[in-house]
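Trainee: with the sequence up front, the predicted model follows.
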Amino acid sequence: MLHIIISPAYVEGKRLHGRFVATLAGRQLCTSREPLLAASRILLAEGVAPESPIATRHAGADFDAMMSTVGAAAGLTVSEGNTRSATFAPYKAFSRADVEARARFDEQPAPATGQGVERIREGGASC
């Protein structure tokens with residue numbers, strides 16, 4: 001069984017609420033709000049067999065908090081939609097179109113700075 005050890009995440013000495021650092025055999029895999037699921041996706045991408053058992057354990061604890069297989073956990077995310085409590089939902093990676101920056105790729109060059117721009121006033125407040 002793969003044991004993912006989770007501990008609270010900190011940045012500059014301040015705790016990141018709800019985020020955990022996930023490590024496997026001393027190697028940090030990720031920092032996530034859903035460490036078992038995120039770590040499973042990383043391990044699956046690295047070639048770990050989907051049927052491999054995996055569990056999370058809080059640092060210092062002698063019992064497992066959650067258990068699954070790498071494949072099953074990698075296919076899930078946590079949904080906090082319109083319900084009173086969080087539930088598991090199918091994982092959907094962001095598509096490139098969802099996260100890609102919108103940019104001009106046509107043949108028309110961008111207008112030169114100041115062309116077609118009416119200056120409202122000098123010394124005004126900046127945005």
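Mentor: Nice, I can see it.
Trainee: I'd like to know how many residues surround S7.
Mentor: When neighbours are counted by other Cβ atoms under 10 Å, S7 registers 13. C-betas here are computed from N, CA, C, even on glycine.
Trainee: and it, how far from Q28?
Mentor: In this view, S7 and Q28 are 10 Å apart by Cβ to Cβ, to the nearest Å.
Trainee: please apply the same query to A97.
Mentor: Distance, A97 to Q28, by Cβ to Cβ: 30 Å.
Trainee: out of the two, which sits in the busier spot?
Mentor: More neighbours surround Q28 than the other of A97 and Q28, with 11 against 6 (other Cβ under 10 Å).
Trainee: let me see the contact set for E46.
Mentor: Taking Cβ atoms under 8 Å, 6 or more residues apart in numbering, we find E46 in contact with no residue.
Trainee: contact partners for P35?
Mentor: Residues in contact with P35, defined by Cβ under 8 Å, 6+ apart, are I4, I6, F20, V21, A22, T56.
Trainee: got any residues that touch both of S7 and Q28?
Mentor: V21.
Trainee: farthest pair within the contacts of P35?
Mentor: V21 and T56 (11.5 Å; Cβ to Cβ).
Trainee: any common contacting residues for these two?
Mentor: Counting by Cβ under 8 Å, 6+ apart, the shared contacts of V21 and T56 are I6, P35.
Trainee: neighbour count: the two, which is higher?
Mentor: Legend: neighbour count by other Cβ under 10 Å for V21 and T56, higher for T56 (24 against 18).
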